[in-house]
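1. with the sequence up front, the predicted model follows.
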Amino acid sequence: MDVRNNANPISFHFLLPTFCLFALVWGQSQAVASPNPNEGISNQTTLQKKPSESLPWQQLPPLGEPWQYLPELELIPESTLQDTRLVLKLSERRVYFYQDNQVQASYPVAIGRSGWETPTGNFEVIQMVSYPTWEHPFTGELVPPGPDNPLGVRWIGFAVKGENYIGFHGTPNEELIGQAVSHGCVRMLNEDVVNLFEQVEIGTAVMVEP
């Protein structure tokens with residue numbers, strides 16, 4: 001879902017330090033980060049059945065209530081959730097896409113470095129964004145979609161703790177794929193994350209193994 005033309009800019013604010021040390025910004029370039037590190041997250045996609053459906057700004061839950069942004073599983077076809085899953089194997093630095101218990105594809109990834117390890121456990125896709133805008137966590141500088149964007153061309157968020165988000169995303173530094181270099185997020189080749197984006201949806205299971 002490309003929401004860059006939304007007339008009402010929406011920004012994500014993250015606690016510092018955070019898993020990924022970045023903020024996603026939707027809307028136009030005048031979006032300004034809040035100086036309050038405890039402010040909640042405004043999330044436009046996680047209440048949607050599909051990432052192609054937009055949610056009016058007026059219907060967004062108030063800030064400071066991140067639990068309201070979790071997807072409602074009953075809105076997602078049960079068969080899809082059961083038949084499709086991602087398995088991220090940190091030791092292999094590779095994510096596997098399963099459908100009907102068969103591996104359909106696998107992709108190399110970069111994972112969290114020492115002290116910022118990618119958390120293990122069972123999660124699910126809760127955010128999907130095409131061509132995200134990145135906001136520098138310290139300077140507030142906005143980096144629009146393009147070849148220099150640290151998030152690459154896609155963002156697939158799958159875990160949240162408080163106001164901290166982690167997910168799969170592209171990268172302009174593809175030579176680092178296969179290494180432990182991130183702040184917890186999972187970097188992918190841009191071509192690969194585009195393919196993965198087309199194979200998952202809100203609610204797809206994500207299992208992260210050591």
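-> Ah, there it is.
2. which SSE is immediately downstream of the longest helix seen in the chain?
-> Selection of the longest helix in the chain by residue count, based on DSSP state H, yields helix 190-199. Beyond helix 190-199 in the direction of the C-terminus, DSSP states H and E gives the next helix or strand as strand 205-209.
3. could you list every helix and strand in contact with that next one?
-> In this structure, strand 205-209 makes packing contacts with strand 84-89, strand 121-124, judged by 3 or more C-beta pairs under 8 Å, 6 or more residues apart in numbering; DSSP states H and E. (C-beta placed from N, C-alpha, C; glycine too.)
4. which parts of this protein are helices?
-> Under DSSP H, the chain gives helices at 78-83, 190-199.
5. quick one: the longest one to strand 84-89, angle?
-> Read it as helix 190-199. Regarding helix 190-199 and strand 84-89, their directions subtend 140 degrees when assessed with axes from the mean of the first three to the mean of the last three C-alpha atoms, to 10 degrees.
6. any buried residues in helix 190-199, and which?
-> Counting neighbours by 16 or more other C-beta atoms under 10 Å, one finds that the buried residues in helix 190-199 are 190, 192-193, 196-197.
7. so for it, mean pLDDT?
-> Average pLDDT, helix 190-199: 96.
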